[in-house]
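**Student:** okay, sequence plus prediction incoming.
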Amino acid sequence: MSVRLQKVLAAAGLGSRRACEEMIREGRVTVDGRTATIGMSVDAATQLIRLDGARVKAAETPVYIAVYKPVGVLSSTVSQGGKPTILDVVDVPKRLFPVGRLDVDSEGLVLLTNDGELTQALTHPRYGKEKEYRVLLDQPPAPEQLNRWRDGVRLSDGTRALAASVRPEGSGAWLRVVMRQGRKRQIRDTARVLGLSVRRLIRIRIGSLHLGDLKPGEWRALHADEVRSLREGEAQGPRPLRLRRGGRGMEGRG
């Protein structure tokens, strides 16, 4: 059966469909010895597909893992400056990729998967998937600062942040921030523009997937209904967990 080449590459865990399209454009992919082109369809069962000269294996069984990324860990598959990566936290013999990024000073929910289709659905701007954060500022924000944050400010790179849902947690310096946009260090940049500083930033939700009871360095496999909910975009609360510490995984109850 013929399928679009970028879909075959994404299903093989080589990245999102968008990233795989870029690989094809760069001339890194060949089919039966010929350089591939955007839009072509292939039969992965009968044709020889290579990326950078290495044969592309058949699609692996999809894996979905929720991780609490600690501060100081890169949400990347490649270390920089000797810093640990998110793959150092999760000990599984699979080639996985993080869905979206958290900067090294931030913590909280990261989804690891080899499902390129789901990665595309959760990260591409046109889908506008919500991400929710708990943010501790250096001081309680004034009402006018909150209103400007909600309306969207002009960031340091000249772009304008989209409107966001921002509400205080009590009368202190903690906020809940929900965004459909995810520019690099956007929350920290927005706070800085408003004369505030972020002391702690925790991502607690990606779409319908919640951080739940995970603690820094803990992880668990997603349940089938959670994966289904992520695909369908249906809101679904966190499921009670039975945790196993020590980096080996966690299980849900029921």
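**Tutor:** Cool, got the structure. Numbering: from 1, shown residues only.
**Student:** all helices for the stretch 101-250 of the chain, in order.
**Tutor:** 116-123, 143-151, 186-193, 224-232 (DSSP state H, counting those that start in this stretch).
**Student:** for these, give me a markdown table that also has mean pLDDT.
**Tutor:** Output for the helices of the stretch 101-250 of the chain, formatted as a markdown table (pLDDT from 0 to 100):
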| stretch | mean pLDDT |
| --- | --- |
| helix 116-123 | 79 |
| helix 143-151 | 95 |
| helix 186-193 | 95 |
| helix 224-232 | 89 |
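**Student:** reformat these as TSV; add mean neighbour count and distance to residue 90.
**Tutor:** The C-beta positions use only the backbone N, C-alpha and C, and glycine is treated the same way. Below are those laid out as TSV (neighbours: other Cβ atoms under 10 Å; distance: least, Cβ to Cβ, whole Å):
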stretch	mean neighbour count	distance to residue 90
helix 116-123	21	16
helix 143-151	15	33
helix 186-193	20	25
helix 224-232	15	17
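**Student:** of all those, which one is nearest residue 105?
**Tutor:** The minimum distance between residue 105 and these falls on helix 186-193, with 8.1 Å, by Cβ to Cβ.
**Student:** would CSV of the helices of the stretch 101-250 of the chain with distance to residue 211 be doable?
**Tutor:** Output for the helices of the stretch 101-250 of the chain, formatted as CSV (distance: least, Cβ to Cβ, whole Å):
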stretch, distance to residue 211
helix 116-123, 15
helix 143-151, 22
helix 186-193, 16
helix 224-232, 12
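**Student:** wait, which of those helices is closest to residue 76?
**Tutor:** The minimum distance between residue 76 and these falls on helix 116-123, with 14.2 Å, by Cβ to Cβ.
**Student:** packing partners of that closest one?
**Tutor:** helix 5-11, helix 17-25, strand 97-99, helix 224-232 (3 or more Cβ pairs under 8 Å, 6 or more residues apart in numbering; DSSP states H and E).
**Student:** pretty sure residue 95 sits against residue 114.
**Tutor:** Yes - counting by Cβ atoms under 8 Å, residue 95 does reach residue 114; the two are 6.1 Å apart.
**Student:** more neighbours, those two?
**Tutor:** Remark: of residue 95 and residue 114, residue 114 carries more neighbours, 23 against 14, as counted by other Cβ atoms under 10 Å.
**Student:** which stretches of the stretch 101-250 of the chain aren't confidently modelled?
**Tutor:** Applying pLDDT under 70 to the stretch 101-250 of the chain flags the ranges 125-127, 233-250.
**Student:** and the strands in it?
**Tutor:** Along the stretch 101-250 of the chain, the stretches classed as strands by DSSP state E, counting those that start in this stretch are 107-113, 131-137, 165-168, 174-179, 198-206, 209-210, 219-221, 241-244, 249-252.
**Student:** got those as JSON lines, with distance to residue 63 and mean neighbour count columns?
**Tutor:** Below are these laid out as JSON lines (distance: least, Cβ to Cβ, whole Å; neighbours: other Cβ atoms under 10 Å):
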{"stretch": "strand 107-113", "distance to residue 63": "6", "mean neighbour count": "24"}
{"stretch": "strand 131-137", "distance to residue 63": "21", "mean neighbour count": "20"}
{"stretch": "strand 165-168", "distance to residue 63": "31", "mean neighbour count": "15"}
{"stretch": "strand 174-179", "distance to residue 63": "27", "mean neighbour count": "18"}
{"stretch": "strand 198-206", "distance to residue 63": "16", "mean neighbour count": "20"}
{"stretch": "strand 209-210", "distance to residue 63": "14", "mean neighbour count": "21"}
{"stretch": "strand 219-221", "distance to residue 63": "8", "mean neighbour count": "21"}
{"stretch": "strand 241-244", "distance to residue 63": "17", "mean neighbour count": "14"}
{"stretch": "strand 249-252", "distance to residue 63": "12", "mean neighbour count": "16"}
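**Student:** residue 40: which of those is closest?
**Tutor:** For the strands of the stretch 101-250 of the chain, the distance to residue 40 is smallest for strand 107-113, at 25.6 Å, taking Cβ to Cβ.
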